[in-house]
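Q: sharing a model prediction with you, sequence too.
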Amino acid sequence: MSAAPFVLTPDMRAVIDATHLCFCATVTPDGRPNLSPKGTIRVWDDARLFFLDIASPRTRANLQHSPAIELNVVDPLSRRGWRFRGSAALHVGDDEYRQATRRIRMEEGVRYEAACAVLVTVDSAEALVSPGYLHVPDETAMRLHWRTRRDELDAAFERFLSGAPPYRLDE
């Protein structure tokens, strides 16, 4: 008897839609882990996710070697999210590529030069929940705590930035 096909839940979709950021784990050809942030993670359909490869030649090379992938998506205020495991397929210049790049362009208003669209077929998912929930009554309290804490952390980083030279991608 085969297992039921994987289906993304409304909560999984909501976390992805709220964050648009994940951390993508792949395996190098020599068996070492590679972790890379992806800022274009989206739901493709009931069982697949996608992101654009904008500047990730190592991730792409790893996936060409082995399609095994794990994506971690965590809402920074709720301190909870999902760990998605599955297999990736790289799409260049095909209908999936065009649909993925068009969607990101329409949603973000930015035209990324993407080497490929990575379509991930999810096989399984596990909830990721911060142990911080041991110290707060519920998600509302967690979000309130991290809104305040986030403001403090942002202010500290702004102070740092005010004395640092501006970051430039080309340097």
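A: Thanks, I have the structure now.
Q: in the protein, which spans are helices?
A: With DSSP state H as the criterion, the chain has helices at 10-19, 57-65, 95-108, 139-163.
Q: just put these in CSV and tack on mean neighbour count.
A: C-beta coordinates here come from the backbone N, C-alpha and C atoms, glycine included. What follows is the helices of the chain, written out as CSV (neighbours: other CB atoms under 10 Å):
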stretch, mean neighbour count
helix 10-19, 15
helix 57-65, 16
helix 95-108, 15
helix 139-163, 12
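Q: of those, which is nearest Ala115?
A: helix 57-65 (6.2 Å; CB to CB).
Q: just the CA trace of that closest one, in PDB.
A: What follows is helix 57-65, C-alpha atoms only, in PDB (Å, rounded to 0.1, in the frame of the first residue of the first chain):
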ATOM      1  CA  PRO A  57      26.100  28.500  -8.600                       C
ATOM      2  CA  ARG A  58      27.100  26.100  -5.700                       C
ATOM      3  CA  THR A  59      23.500  25.300  -4.900                       C
ATOM      4  CA  ARG A  60      22.800  24.700  -8.600                       C
ATOM      5  CA  ALA A  61      25.900  22.500  -9.000                       C
ATOM      6  CA  ASN A  62      25.000  20.500  -5.900                       C
ATOM      7  CA  LEU A  63      21.500  19.900  -7.200                       C
ATOM      8  CA  GLN A  64      22.800  18.800 -10.600                       C
ATOM      9  CA  HIS A  65      24.900  16.200  -8.700                       C
END
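Q: can you tell which of the helices of the chain is closest to Arg85?
A: helix 10-19 (12.8 Å).
Q: elements contacting that closest one?
A: strand 42-43, strand 68-75, strand 80-91 (3 or more CB pairs under 8 Å, 6 or more residues apart in numbering; DSSP states H and E).
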